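1. Need a 3D model of the following:
(2 chains)
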Amino acid sequence: MRKIHDFHGGIHPVENKHQSLHTPIRDAGIPAELTLPLSQHIGAPATPLVAVGERVLKGQLVAEATGLVSAALHAPTSGTVTAIEPRPIAHPSGLPAPCLVIASDGEDAWCELPPPCSFETLERPELLARIRAAGIAGMGGAGFPAAVKLGLKPGTQVETLIINGTECEPYITADDILMRERAAQIVRGAQILAHLVAPAETVIGIEDNKPEAIAAMCAAAEGTGIEIAVFPTKYPSGGEKQLIELLTGKQVPSGGLPMDVGVVCQNVGTAAAVADAVEHGRPLISRITTVTGAAVDEPQNFEVLLGTPMSHLLALAGYRAADNPRLVMGGPMMGFTVPDPGVPIVKTTNCILAPSAQELPAPPPAQACIRCGLCAEACPASLLPQQLYWFARGREFEKAEAHNLFDCIECGACSYVCPSNIPLVQYYRAAKAEVLQMRRDAQKAEHSRQRFEARQERLEREEAEKEARRAARKQAAEEKARRAADAGSGEADPVQAAIERAQARKAAQAAGAASEENPLQKLEKTVVTTRERLEKAEAKLAQARSEGADHIAALETGVEKTRAKLAAAEQALQDYQAQQTPAEPAPAGDAAQAAIQKAMAARAAQANKSPLEKARDNLEKLEARLAKSEARLAESRAAGEEEKIVEALASSVERLQEKVAAARAELAAEES
Amino acid sequence: MALMRVTSPHAHGPLSTSAVMQQVLLATVPGVLVLTAFFGFGTLVNIAFAALLAVSFEALALKLRGRPPGFYLGDCSALVTAVLLGIALPPYSPWWLIAVGIAAAILMAKHLYGGLGYNPFNPAMVGYVVLLISFPVQMTSWAPPRGAGEVPGLLEALRACFTPGSFDAITMATPLDVLKQNDALLVRDLWAQSPQFGRWAGLGWEWANLAFLAGGLWLLYRRIFTWHAPVAMLAVIALMAALFYDGGSSASGGSPLFHLLSGATMFGAFFIVTDPVTSAVSVRGRLVYGALVGLLVYLIRVFGNYPDAVAFAVLIMNFAAPFIDQYTQPRTYGHAGTGDGK
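-> The predicted structure follows:
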């Protein structure tokens, strides 16, 4: 028998669980419209893959995970996508969020699913891919994408895999009834998870107020080596950190993850969803949700399609809206109120609580804190809530942080016991938000400072360079004056003067070039280094693939990003070259002499030309440039270069064509 | 009807601040009964008049501060202050003494600092000390207990309070005082000679202390406060008394049992030291706080100028409470260190 440890504090609120346990899980059916928020999990919202008007089948992927920490979404039934727009959702902020709306056709036609298989035959990366593809996010309430939690760094050793069947919040019975009715599925899920993370031990933790669930789980786990650990009922023993301490005696370091103490923790609902996803290839499209509270006639548990409006479930349970001043998603301790009964069920909706006014009365006005210390006794994180409250109210955020404000798990035990009815958790939330905002602001200010300083430095450098060039020019002018004096004639040869000017310019350029890199060289360098980085990253990815590591996804995104950077750098280089080539000055030095002569010759020739000839010359030149540009455009089109480049070339061709037309008109005018 | 938007938690425990205060009031009943049985109706008159004044002063202060008196009077904290001060004052105190004490407690110690929860010093003890320093004669005149002298009736008690001039007070030194003044007799002989002494400590006092202990234990059982501060205080008093008992010589400081059951020991341990507002907040902090109160009580009783010392000891430690808090933060979950995590 496992030693059950204790954690500090905790409370024993009235459980109120029996009301919703009289009947088995009931199928909530298919509502006319399903609303799928794109963000039902912690991390980046999913990216829609379907368009409005498109027909989707049950289980079809409709939005894919964006980046690493995200989860995919699947159509819960067959039907037509009618909108992708912001809709009210169940979120503490009460703000609408982007949703994908599906009008169901009632056929409930499945899409083609991957063939059923047994998990022993699958390799770890494949297992992980299946879980990821199924869009499973933590079903206990937090909604952290399961695949991310399970994707371990190679070489990590998991001591304990904990399957959390605690369900310590009052009223909620979704996990309880799931364990009663689908114990075998949960155990298979636990086995899959154990296969995945290879722990030294696998434990399913359940509070002792669920004897039926414990019996069912014990029977299902018989002979699997999975341990069922039963511990006394106390809120919040289902909190991940508290459960880990209960079962292992270890504390997750502040700011760390359970993995830091060799523990991976998953909810029983998540385990069941994993079993479904791996064995049957079924994505996460439904869940068990408790509908309870005194304002419903028949509190019970439903198997409900994600996206079903809460009002649909409430109606099935006999909801009396007039008796229900507040509607809570989740339990009475950590749940939040929803703005409207029409908001959809999401992956984390374990309970809809519709209490009457007598059941959960409106909070009375807060009285003064008498520092009675009941909160400190109840705090499962061993904080001093009364001091935190003091600091939060006085906006002494440094002190609040020094008293470990950020270790507060917002379980609400302190507010529950507070005899003065102070909404303590609200103060901590507000203080946390302010501190985070201040941190962000500080970071921003630091960035601005760095940017300003860099700019200041650049301006100073440019000024210095300018100064150097000016000095060089001055010197050259003095030289010239001296030479003129030496020549004695007093009349300077214009050609000689031009040569001297060119030499002076060359000197000035040399003075500048020493400190300033040629932009062309810079761009080339960027391209080269980026290419090197890409090669390295690709090599790493290949190695990771061959080793079957779990962070392939992260590496893949890295490689893609580097590739995009390389493309951008190459394009920048090309653009620069394209812009520079026609105007590229002849290299300074000996060529300067030739250029001067050429220019003089050209000017002389020009002076002799008639306007007609000038126009003709101009047209010829333009036509030559046009031909060149057209050739370049055709070339890049054929090479399938980036759209941007092709577009830029096409527009320059157009411009040249206009110019040619203008020149033709001019010529025609001259000829006439 | 629009749905209410409030933050979690939605459930609330059954306890309220006024319930806490009412239970404290209830817990004083045995002690008050014993005091009345041994010393007559003086204490009851003290309490009744103090309560009337306290509620009036509280209402006045709230009115002046622009707070709704109805809501704030409902927390019953003024009544608690009045009852505690009424118990601490000598029976048959004149009305003006009580009035000055309550004014100091409610107006000065409580509302000048911002009212309930914001006062750094225990209001009842501030009232008591103001009186003790200002009117030492009246404050150190205790009536003799039943069995050692005449005990006035209710009418006489009322007369003593409201027409002090017409009342001939009979007073007697308290057992703590007697022991303190003694420098010639062995404790055993002193005990035999003085009518103030009872079985273990002062006549009447020992039973009053036991009654306050009973009330305190009931509050502990009701989980109104934790055991840490009172137990630490009593343990240190007992330890100090044991160290300086001296076998009962003429220089003896008195036995541990004598100190535990004398003066305001139990009343202080369970009704004054446990005042949450002015004590240290953490478990370790309360142990330190209680222990230091106990140490000061003993030192002042035996080596200081006053026969009893709970009020001074508590006020001095009220000063120190924030400092103690600074160094006794519990170890937060997931943080390294050897603090008090449990």
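
2. When you work out contacts or count neighbours from here on, use the C-alpha atoms and nothing else.
-> Will do.

3. does chain B sit close to the helix or strand hosting residue A:448?
-> Taking DSSP states H and E as the criterion, residue A:448 maps to helix A:424-487. Yes: using Cα under 8 Å from any Cα of the partner chain, helix A:424-487 reaches chain B at A:425, A:426.

4. helices or strands up against that helix?
-> helix A:385-393, helix A:413-417, helix A:494-513 (3 or more Cα pairs under 8 Å, 6 or more residues apart in numbering or on different chains; DSSP states H and E).

5. where among the ones you listed is the average confidence lowest?
-> Note on the helices and strands packed on helix A:424-487: lowest mean pLDDT is at helix A:494-513, with a mean of 71.

6. quick one: contacts for residue A:106?
-> Counting by Cα atoms under 8 Å, 6 or more residues apart in numbering or on different chains, residue A:106 makes contact with A:30, A:32, A:77, A:78, A:79.

7. Dump these to CSV, plus secondary structure, neighbour count and distance to residue A:62.
-> Shown next, in CSV, are those (DSSP: H, G, I helix; E, B strand; the rest coil; neighbours: other Cα atoms under 10 Å in any protein chain shown; distance: Cα to Cα, whole Å):
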residue, secondary structure, neighbour count, distance to residue A:62
A:30, coil, 19, 18
A:32, coil, 14, 18
A:77, coil, 29, 11
A:78, coil, 23, 11
A:79, strand, 25, 12
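
8. from those, which is closest to chain B?
-> Chain B lies nearest to residue A:32 out of the contacts of residue A:106, by Cα to the nearest Cα, at 24.2 Å.

9. What's the separation between residue A:335 and chain B?
-> Distance, residue A:335 to chain B, using Cα to the nearest Cα, to the nearest Å: 6 Å.

10. so where's chain B shaky on pLDDT?
-> Applying pLDDT under 70 to chain B flags residues B:1, B:337-342.

11. what residues go with each domain of it?
-> B:17-172, B:174-326 (automatic domain parsing).

12. Which among the ones you listed is found nearest to residue A:338?
-> domain B:17-172 (30.3 Å; Cα to Cα).

13. Just confirm yes or no for that closest one near chain A.
-> Yes: on the criterion Cα under 8 Å from any Cα, domain B:17-172 is in touch with chain A at B:17, B:20, B:72, B:116, B:117.

14. Okay, now that domain: how far is its last residue from its first?
-> By Cα to Cα, to the nearest Å, the extent of domain B:17-172 from end to end equals 40 Å.

15. export the domains of chain B to a markdown table and tack on mean neighbour count?
-> Below are those laid out as a markdown table (neighbours: other Cα atoms under 10 Å in any protein chain shown):
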| stretch | mean neighbour count |
| --- | --- |
| domain B:17-172 | 20 |
| domain B:174-326 | 21 |
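
16. Which among these is found nearest to residue A:250?
-> Judging the domains of chain B by Cα to Cα, what sits closest to residue A:250 is domain B:174-326, at 22.4 Å.

17. give the contact list for the nearest residue in space to residue A:338 that is not next to it in sequence.
-> The shortest distance from residue A:338 to any non-neighbouring residue, by Cα to Cα, 6 or more residues apart in numbering or on different chains, is to residue A:90 (5.5 Å). Applying Cα under 8 Å, 6+ apart to residue A:90 gives the contacts A:329, A:338, A:339, A:343, A:344, A:345.

18. Those residues, buried ones only, as a ChimeraX selection?
-> Buried subset of the contacts of residue A:90, written as a ChimeraX selection, criterion 16 or more other Cα atoms under 10 Å in any protein chain shown:
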select /A:329,338,339,343,344,345
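
19. Which pair of the contacts of residue A:90 spans the longest distance?
-> A:339 and A:345 (13.5 Å).

20. still on that earlier bit, of the contacts of residue A:90, which belong to helices?
-> Among those, no member is found in helices (DSSP state H).

21. Now the stretch 351-500 of chain A against chain B: closest residue?
-> Closest point on the stretch 351-500 of chain A to chain B, by Cα to the nearest Cα, is residue A:419, at 3.8 Å.

22. How is that residue assigned, secondary-structure-wise?
-> coil (DSSP: H, G, I helix; E, B strand; the rest coil).

23. give the contact list for it.
-> B:13, B:14, B:15, B:16, B:17, B:20.

24. hmm, try it at 7 Å
-> Neighbour list for residue A:419: B:15, B:16, B:17 [criterion: Cα atoms under 7 Å, 6 or more residues apart in numbering or on different chains].

25. Tell me the confidence at the residue nearest to residue A:259 when sequence neighbours are not counted?
-> Excluding the flanking residues, the one nearest residue A:259 by Cα to Cα, 6+ apart is residue A:158, at 7.3 Å. Looking at residue A:158, its pLDDT stands at 91.

26. ok, residue A:158 to chain B distance?
-> 19 Å.

27. Name the residues of the one helix or strand residue A:645 maps to that are buried.
-> Counting by DSSP H and E, the element that carries residue A:645 is helix A:643-671. Residues A:645-646, A:649-650, A:652-653, A:656-657, A:659-660, A:663-664, A:666-667 are the ones in helix A:643-671 that count as buried (16+ other Cα under 10 Å).

28. which one of the contacts of residue A:106 is nearest residue A:411?
-> residue A:30 (34.3 Å).

29. Contacts only, for that closest one.
-> Contacts of residue A:30 (Cα under 7 Å, 6+ apart): residue A:106.

30. Phi and psi next, for residue B:142.
-> Backbone torsions of residue B:142, given as degrees, to the nearest 10, read phi -100, psi 140.

31. Near chain B, which residues of chain A? Just list them.
-> Within chain A, the positions near chain B by Cα under 7 Å from any Cα of the partner chain are A:8, A:251-254, A:325-327, A:332-337, A:339, A:360, A:368-373, A:381-383, A:412, A:415-417, A:419-420, A:426.

32. Just the buried ones from those?
-> A:8, A:251-253, A:325-327, A:332-337, A:339, A:360, A:368-373, A:381-383, A:412, A:415-417, A:419-420, A:426.

33. Show only the entries of the residues you listed found in strands.
-> A:336, A:337 (DSSP state E).

34. In the stretch 51-200 of chain B, what residue comes closest to chain A?
-> Taking Cα to the nearest Cα, the stretch 51-200 of chain B has residue B:117 as its residue nearest chain A, at 4.5 Å.

35. wait, isn't that residue in contact with residue A:367?
-> No: if you go by Cα atoms under 7 Å, residue B:117 and residue A:367 don't touch, sitting 9.3 Å apart.

36. Could you pull up the contacting residues of whatever residue of the stretch 551-672 of chain A ends up closest to chain B?
-> Nearest residue of the stretch 551-672 of chain A to chain B: residue A:551, at 27.3 Å (Cα to the nearest Cα). Residue A:551 sits next to residue A:153 when contact means Cα under 7 Å, 6+ apart.

37. do that again at 8 Å, thanks
-> A:151, A:152, A:153, A:544.

38. number of nearby residues for the first one?
-> By the other Cα atoms under 10 Å in any protein chain shown criterion, the neighbourhood of residue A:151 contains 20 residues.

39. Next: the last one.
-> Residue A:544 is flanked by 16 other residues according to other Cα under 10 Å.

40. Next, find the distance separating it from residue A:122.
-> 18 Å.

41. Domain ranges for chain A, per the record?
-> Looking at automatic domain parsing, the domains of chain A come to A:18-337, A:365-504, A:517-598, A:609-671.

42. what's the most buried one of these?
-> domain A:18-337 (a mean of 21; mean count of other Cα atoms under 10 Å in any protein chain shown).

43. Pull up the distance across it, start to finish.
-> 23 Å.
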